[in-house]
Every structure is written in structure tokens, then in C-alpha cells.
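**Student:** sequence first, predicted model second:
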Amino acid sequence: AQSVSQHNHHVILSEAASLELGCNYSYGGTVNLFWYVQYPGQHLQLLLKYFSGDPLVKGIKGFEAEFIKSKFSFNLRKPSVQWSDTAEYFCAVNPYSSASKIIFGSGTRLSIRP
Amino acid sequence: EAGVVQSPRYKIIEKKQPVAFWCNPISGHNTLYWYRQNLGQGPELLIRYENEEAVDDSQLPKDRFSAERLKGVDSTLKIQPAELGDSAVYLCASSFGQSSYNEQFFGPGTRLTVL
């Protein structure tokens, strides 16, 4: 079955630390890839997306993600986190064959110590 | 521009009772989605509408869940009767078009607690 795995359920970092959140998916065909973020008390919103082209994509607020096809991975990174990055982060996959159906991972809760 | 509106934000009911959730998508968005998000999990698609037509309801438990999108705008998701395992956050999202290239915008969700 198609699935998305996020390895870390809860990550705690200090401000200015570097961030990398892992995401792997199990689907052999072509996919579109997304990272969504949910800040405390707010709704889910798109952070960045990959459809094709340069496998290193940049999103809002200094986030970036790298698509490594051979590893079925789409890890999220940020060189220096801020307290305001405290949120839950969801990796998501859309198989080309599934129209707009998006399969979400279970999420990673990121807590930033001021 | 107003976002996706959902109501109620919270609902507490006893098992076997019916419950309904309402969603008003972003104006002009013809595709509407209902997701269920269990505690500690990501959202899972229940049903997708293209205008008033349900084009993907394969994950909707049809014995107790129903949905409608009359006139292709607002939508209602109903559970009857509710079970303990239905406790979750029910999210509505909308997009302009059904392609995954069109960003889905999510509402704040309805948190359902079944006692």
C-alpha cells in the first residue's frame, strides 16, 4: 500500500540549530511531493512542493527540501530555526495516477526552545 | 480573501448520536475535500467533490457516513450513528481544480469527541 513515513514524532531544538526532518514514501511511480505545516491554533498550510525539475526546492520562511528519487525521500531542512517555527510538520505524497489525492505522513512535532 | 470556513469548531456527543459538520470553501474553488485526522496521525481523505459530484468516496465508511454538496458550493458531512472510534478532527479543504498542481487550502477543522 502507498504510505508516507516520517521518522521523528517529536523533535526538540534550540534556536539557531539546524533542522532536518525525514520523509520517505513507498510508491514506485512518479509522484508530487509536499510539506505542510500547522502552527499552534492555526490551520494546515502548504510549506513547499515539488513537481519536477530541480530536486532542491525552496519554500516559505527559509525552509527547503530535497527530493532524492533513489532513496524515495523528501527531507525538509532549515539551516537555523527560530522559536516561531514551533509547529507540526506533515510530509505528503501525490501519486501521479491518483489525481489530487494526497497521502499524508503522521507528522513531526517540532518544539523550539527559546 | 476569506479562507475555508468550518463549523462547528468543537462537538461533543454521546455514541449512537448523529452529528453533522459544515464546510464553506473558498469562493470559486470547485473541488472540495473532507479529511479525517486521528490523534497523532496525518489527515486521511474521506471524500472528494468536483462541483456537486463525489468523484472519490472510496475511503468513506458508507454504512454510517454520508456527505453532500448541493449546488456545488457548501458541503455537509454527517455521521449517523457516531461511534467512539469516530473521535477525530474533521478537516475540509478546497482547491481550484482537481489537479494536484492546484494547492489545497484547509479549514480549521471540527474536533469531534464521542463519549
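**Tutor:** Happy to help now that I have it.
**Student:** and for residue A:91, the neighbour number?
**Tutor:** 29 (other CB atoms under 10 Å in any protein chain shown). C-beta: built from backbone N, CA, C; applies to glycine.
**Student:** can you list the residues of chain A near chain B?
**Tutor:** A:4, A:9, A:32, A:42-46, A:49, A:51, A:90, A:92, A:94, A:99-102, A:104-107 (CB under 8 Å from any CB of the partner chain).
**Student:** report the contact partners of residue A:15.
**Tutor:** The contact partners of residue A:15, taken as CB atoms under 8 Å, 6 or more residues apart in numbering or on different chains, are A:81-83, A:112-114.
**Student:** next: residue B:73.
**Tutor:** Shown in contact with residue B:73 (CB under 8 Å, 6+ apart): B:24-25.
**Student:** for residue A:9, see how far away residue B:44 is.
**Tutor:** According to CB to CB, to the nearest Å, residue B:44 stands 18 Å off from residue A:9.
**Student:** which among the residues of chain A next to chain B count as buried?
**Tutor:** Neighbour counting over the residues of chain A next to chain B (16 or more other CB atoms under 10 Å in any protein chain shown) leaves A:4, A:32, A:43-46, A:49, A:90, A:92, A:94, A:99-102, A:104-107 as the buried ones.
**Student:** so which of the residues you listed are in strands?
**Tutor:** Among these, the members falling in strands (DSSP state E) are A:4, A:32, A:45-46, A:49, A:90, A:92, A:94, A:104.
**Student:** specify which member of those residues is nearest to residue B:112.
**Tutor:** residue A:104 (18.7 Å; CB to CB).
**Student:** touching, that closest one and residue A:91? I think so.
**Tutor:** Yes. Between residue A:104 and residue A:91 a contact is recorded at 7.4 Å, counting by CB atoms under 8 Å.
**Student:** tell me who's in contact with the residue nearest the centre of chain B.
**Tutor:** When CA atoms, centre = their mean is applied to chain B, the residue found nearest the centroid is residue B:34 (2.9 Å). Counting by CB under 8 Å, 6+ apart, residue B:34 makes contact with B:23, B:45-48, B:67, B:75, B:77, B:90-92.
**Student:** which strand or helix spans it?
**Tutor:** strand B:31-37 (DSSP states H and E).
**Student:** up against chain A, what does chain B have?
**Tutor:** B:3-4, B:31, B:33, B:40-45, B:48, B:55-56, B:91, B:93, B:95, B:98-109.
**Student:** element containing the closest residue to residue A:97 other than its chain neighbours, please.
**Tutor:** Excluding the flanking residues, the one nearest residue A:97 by CB to CB, 6 or more residues apart in numbering or on different chains is residue A:29, at 6.3 Å. Counting by DSSP H and E, no helix or strand carries residue A:29.
**Student:** what's near enough to touch residue A:29?
**Tutor:** By CB under 8 Å, 6+ apart, the contact set of residue A:29 is A:95-97.
**Student:** one more time with 10 Å, if that's ok
**Tutor:** A:2, A:95-98 (CB atoms under 10 Å, 6 or more residues apart in numbering or on different chains).
**Student:** now swap in residue B:98 and tell me
**Tutor:** Taking CB under 10 Å, 6+ apart as the contact definition, residue B:98 lies against A:99-101, B:30-31, B:33, B:48-51, B:55-56.
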